[in-house]
Structures are given as structure tokens and as C-alpha cells.
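In: quick one, fold the following:
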Amino acid sequence: MDNKQPNDIAVVSKFEGDVAAILEEAGRVAGKVVYLPGNHDPPTLFDRDEAPSLCSSAYNIHCRRLRIAKNLVLVGFGGAPPAFRQNGVYCSEMKL
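Out: Residues are numbered from 1 along each chain as shown. As a prediction, the model looks like this:
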């Protein structure tokens, strides 16, 4: 998702639909899916209290934990820190 459009409802809805389709397919193969949104996913997936339920077989682990065995717990913190900066310019903006 383009970070320049995080508040465009139509764009966010489209990308939520894309993510839901991928999760549905993964759920058909694996049964249950645990996912962690990244920095190119819709910002709504990072809402701890009101993240959308994109499909019944998927669990968004952002800012949550999930015990998967007696001594094994998954903890999720999605997204990404700002890119590398050199002289005030992010590397994605630099000419390589």
C-alpha cells in the first residue's frame, strides 16, 4: 500500500480486501492463520482495539500474544521503523 494514501477510505478498503483474499486462501490450505501486518499493509490492521476481522480463519497478532505450546508464545509488533537516513534524506528517496 502506498503510504501517501493511508486516510483514503476507498484505497484502504481495497487493500483490506486484498489482504482478506490472501488470508482466506492461506486458511483453506493451513486451517488457521496467524498474521502480522507490515509497513505496507492498511493502517486499520494496526488498530489494537478495532482492527477489522478479515476472515474467520485468521488471527492478527499485532500487539497481542498467542500461546502455541506449553513453553512457546508468539508476540507480534507489526510495521517497520523509518528507513535509513543520510543527510536528512530517506534511502527510498536517494538515487542509488
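In: which residues touch the residue nearest the centre of the chain?
Out: Geometric centre of the chain, nearest residue: P37, 1.3 Å, by CA atoms, centre = their mean. By CB atoms under 8 Å, 6 or more residues apart in numbering, the contact list for P37 reads 19, 45-46, 60, 62, 78-79. All C-beta spots, glycine's among them, are computed from the backbone N, C-alpha and C.
In: please enumerate the strands of the chain.
Out: Listed in chain order, the strands of the chain (DSSP state E) span 33-35, 58-60, 64-69, 72-76, 85-86, 89-90.
In: could I get those strands as TSV with mean pLDDT, mean neighbour count and distance to E25?
Out: Shown next, in TSV, are the strands of the chain (pLDDT from 0 to 100; neighbours: other CB atoms under 10 Å; distance: least, CB to CB, whole Å):
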stretch	mean pLDDT	mean neighbour count	distance to E25
strand 33-35	91	18	9
strand 58-60	91	20	11
strand 64-69	93	10	21
strand 72-76	93	11	21
strand 85-86	60	10	37
strand 89-90	57	12	33
